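Colleague: Sequence and predicted structure are below.
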Amino acid sequence: MLEAADLECERGGRRLFRGLSFTLGPGELLRVAGPNGSGKTSLLRMLCGLLAPSRGEVRWGGTAIGRLREDYSRQLVYLGHAPAVKDDLTPQENLAISSSLQGISFTKKAIREALERFGLGAKREEPVRRLSQGQRRRSALARLCLAESVPLWLLDEPFSALDAAGVGLLRALIDAHVRRGAMVAFTTHQDPGIEAARVIELGLAS
Amino acid sequence: MLAIARAVVYRDLLLAARRRGDVATALLFFVIVASLFPLGIGAEPNLLRAVAPGVIWVAALLSSMLSLARLFAADYADGTLEQMLLGAAPLGAVAAAKAAAHWLVAGLPLVLIAPLIALQYDLPAALYGVLALSLLLGTPVLSLVGAIGAALILGLRGGGVLLSLLVLPLYVPILIIGAGAVEMAAAGLAPDGQLLLLGAALVLAAAFAPWAIAAALRISIE
């Protein structure tokens, strides 16, 4: 279970939010909404441990994530704003390397299937440099297909740069993961049309 | 943990193979800097023999510096560094793997080509072994210590210059000991002391630098 206790975020001397507490249990979906600059990305980075909150703490199964470190990061997949794919490598190589970094075991077949699912089957041997923005995004999202056993997904604006088919595919993946009893948290500034168990609405700090 | 470190080394070598130009730049830089000195100070064999160890070592420092600025910058820009921080292995292991890959790409070629450079300085062939050995022990230290600086300057403007100011002073002991080993051998003395000191520096750097790199990366990524 993921637990946020009294989180406060200060960036560049400006307080973005304070006193934010919530829990996310198995099989729950959390949507973080709010306008640009309201601290959605900061909140997600706090949840995965990349950013230390100026007050409060994030706990996983009752223990502060700062103390769990890689024991915690093994339990999560984080997809940030930057797609984390290497321009000089092919989608296939990118997927294999990012999965092994995450400690996820995989087969060549699983990688091929994941890429085919995201419509990159024909492009899997081409350097990412030659792909479009949306295809690049898809090649980053293909990681999720291999991460079905990971109990926590943290997705930052996962729907951006995707076409309608891509949005549908991602929605199905998230849906299936939640139904499997895992936890998913994602940020968005538009309504993606998924029923979220919890919604955090961040406002602009005055 | 080892599997992940191996994946990081493999990835960096693969990237280097795709961008051979970057690798060649650092190596050519080394060759050119080391070749400029004989042209500049004239063909006086005794003088050249005397400055050779120092000049070759300084050229190696500068060349290693040149490629260090890019060590984490690309990973930082495209988000892969965040994924490394959130990987299944301790960040120190990943940092050590990055430094190892840097050495394989930017350090090892220098070791191999140094005897060829030494030819221009009319260094006796008996010294080639000591020169290569001193570089073999010293260049990994440059990669490890330099990576700390490379991690600290992430996201800063004008980081390249700052990196040299941060890291070059730390290279001084390695330069003195490394060039000293070759000078000792040139004077007909056993360079064992200097080589053992370089080995000790390598052991120390390999043990502690990865954790310093990891701490620096954590600071930079916030």
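Modeller: Sure thing, it's come through.
Colleague: and the helix-or-strand element of chain A with minimal mean pLDDT, which residues are buried?
Modeller: The weakest-scoring helix or strand in chain A, judged by mean pLDDT, DSSP states H and E, is strand A:198-201 (a mean of 81). Neighbour-count burial for strand A:198-201, counted by 16 or more other Cβ atoms under 10 Å in any protein chain shown, picks out A:Ile200. Every C-beta, even on glycine, is put in place using the N, C-alpha and C of the backbone.
Colleague: I'd like to know which elements that strand is packed against.
Modeller: On a contact count with 3 or more Cβ pairs under 8 Å, 6 or more residues apart in numbering or on different chains; DSSP states H and E, strand A:198-201 meets strand A:14-24, strand A:29-33.
Colleague: For chain A, which residue occupies the most central location?
Modeller: A:Leu155 (2.0 Å; Cα atoms, centre = their mean).
Colleague: what's the spacing between that residue and A:Leu79?
Modeller: As judged by Cβ to Cβ, to the nearest Å, A:Leu155 and A:Leu79 stand 5 Å apart.
Colleague: Equivalent analysis for B:Ala147, please.
Modeller: Counting by Cβ to Cβ, the gap from B:Ala147 to A:Leu79 is 27 Å.
Colleague: Compare neighbour counts for those two and give me the winner.
Modeller: B:Ala147 (28 against 24; other Cβ atoms under 10 Å in any protein chain shown).
Colleague: show me what contacts the more buried one?
Modeller: Listed by Cβ atoms under 8 Å, 6 or more residues apart in numbering or on different chains, the contact partners of B:Ala147 are B:68, B:71-72, B:95, B:98-99, B:102, B:209, B:213.
Colleague: Alpha carbons only: can I get stretch A:115-128 in PDB?
Modeller: The C-alpha atoms that make up stretch A:115-128 are tabulated as PDB, following Å, rounded to 0.1, in the frame of the first residue of the first chain:
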ATOM      1  CA  LEU A 115       6.200  -3.700 -29.500                       C
ATOM      2  CA  GLU A 116       3.700  -5.200 -31.800                       C
ATOM      3  CA  ARG A 117       0.900  -4.400 -29.400                       C
ATOM      4  CA  PHE A 118       2.000  -0.800 -29.600                       C
ATOM      5  CA  GLY A 119       2.100  -0.900 -33.400                       C
ATOM      6  CA  LEU A 120       5.900  -0.800 -33.600                       C
ATOM      7  CA  GLY A 121       6.400  -4.300 -34.900                       C
ATOM      8  CA  ALA A 122       7.700  -3.100 -38.300                       C
ATOM      9  CA  LYS A 123       9.800  -0.400 -36.700                       C
ATOM     10  CA  ARG A 124      11.400  -2.400 -34.000                       C
ATOM     11  CA  GLU A 125      14.800  -2.600 -35.700                       C
ATOM     12  CA  GLU A 126      15.000   1.100 -36.600                       C
ATOM     13  CA  PRO A 127      16.700   3.700 -34.500                       C
ATOM     14  CA  VAL A 128      14.300   5.600 -32.400                       C
END
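Colleague: Compute the mean per-residue pLDDT across it, please.
Modeller: Per-residue pLDDT over stretch A:115-128 has a mean of 90.
Colleague: list the buried ones in that stretch?
Modeller: For stretch A:115-128, the neighbour count (16+ other Cβ under 10 Å) marks A:115, A:117-120, A:123-124, A:127-128 as buried.
Colleague: same deal with stretch B:180-197?
Modeller: B:180-186, B:191, B:194-195, B:197.
Colleague: what do you get for stretch B:47-64?
Modeller: B:48-49, B:52-64.
Colleague: what stretches of chain A score poorly on pLDDT?
Modeller: For chain A, the stretches flagged by pLDDT under 70 are A:191-192, A:205-206.
Colleague: Residues of it that sit close to chain B?
Modeller: Contact residues, chain A versus chain B (Cβ under 8 Å from any Cβ of the partner chain): A:48-52, A:69-70, A:73-74, A:76, A:78, A:80-89, A:93, A:97-98, A:100-103, A:127.
Colleague: I'd like to know which of those residues are part of strands.
Modeller: Those of the residues of chain A next to chain B mapping onto strands are A:76, A:78, per DSSP state E.
Colleague: Pull out the buried members of the residues of chain A next to chain B.
Modeller: A:48-51, A:70, A:73-74, A:76, A:78, A:80, A:82-89, A:93, A:97-98, A:100-103, A:127.
Colleague: For A:Arg59, which three-state class applies?
Modeller: strand (DSSP: H, G, I helix; E, B strand; the rest coil).
Colleague: thinking again about what came up before, strand partners (parallel or antiparallel) of the least confident helix or strand of chain A?
Modeller: strand A:29-33 (parallel) (DSSP bridges).
Colleague: Spit out the contact partners of the residue nearest to A:Ala197 when sequence neighbours are not counted.
Modeller: In space, and not counting its chain neighbours, A:Ala197 is closest to A:Glu28: 4.3 Å by Cβ to Cβ, 6 or more residues apart in numbering or on different chains. Residues near A:Glu28 by Cβ under 8 Å, 6+ apart: A:178, A:183, A:197-198.
Colleague: For those, work out which two are farthest apart.
Modeller: A:Val178 and A:Arg198 (11.5 Å; Cβ to Cβ).
Colleague: Just give me how far stretch B:100-115 sits from the chain centre.
Modeller: From the chain centre to the centre of stretch B:100-115 is a distance of 8 Å (Cα atoms, centre = their mean, to the nearest Å).
Colleague: ditto for stretch B:94-110
Modeller: Worked out by Cα atoms, centre = their mean, stretch B:94-110 lies 8 Å from the chain centre.
Colleague: in that stretch, what's buried?
Modeller: Applying 16+ other Cβ under 10 Å to stretch B:94-110 flags B:94-107, B:109-110 as buried.
Colleague: Which ones among those residues map onto helices?
Modeller: B:94-102, B:109-110 (DSSP state H).
Colleague: Pretty sure B:Ala150 sits against B:Leu71.
Modeller: Yes: here B:Ala150 reaches B:Leu71: they are 4.3 Å apart, a contact under Cβ atoms under 8 Å.
Colleague: So between those two, which is more surrounded?
Modeller: Comparing B:Ala150 with B:Leu71 by neighbour count (other Cβ under 10 Å), the higher total belongs to B:Ala150, at 30 against 25.
Colleague: Just list the residues touching that one, thanks.
Modeller: Contacts for B:Ala150 (Cβ under 8 Å, 6+ apart) come out as B:68-69, B:71-73, B:163.
Colleague: Swap in 7 Å and give it another go.
Modeller: Contacts for B:Ala150 (Cβ atoms under 7 Å, 6 or more residues apart in numbering or on different chains) come out as B:68-69, B:71-72, B:163.
Colleague: For residue 1, grab the count of nearby residues.
Modeller: Since you didn't name a chain, this refers to chain A. Counted with other Cβ under 10 Å, residues neighbouring A:Met1 total 14.
Colleague: look at chain B instead
Modeller: Counted with other Cβ under 10 Å, B:Met1 comes out at 15.
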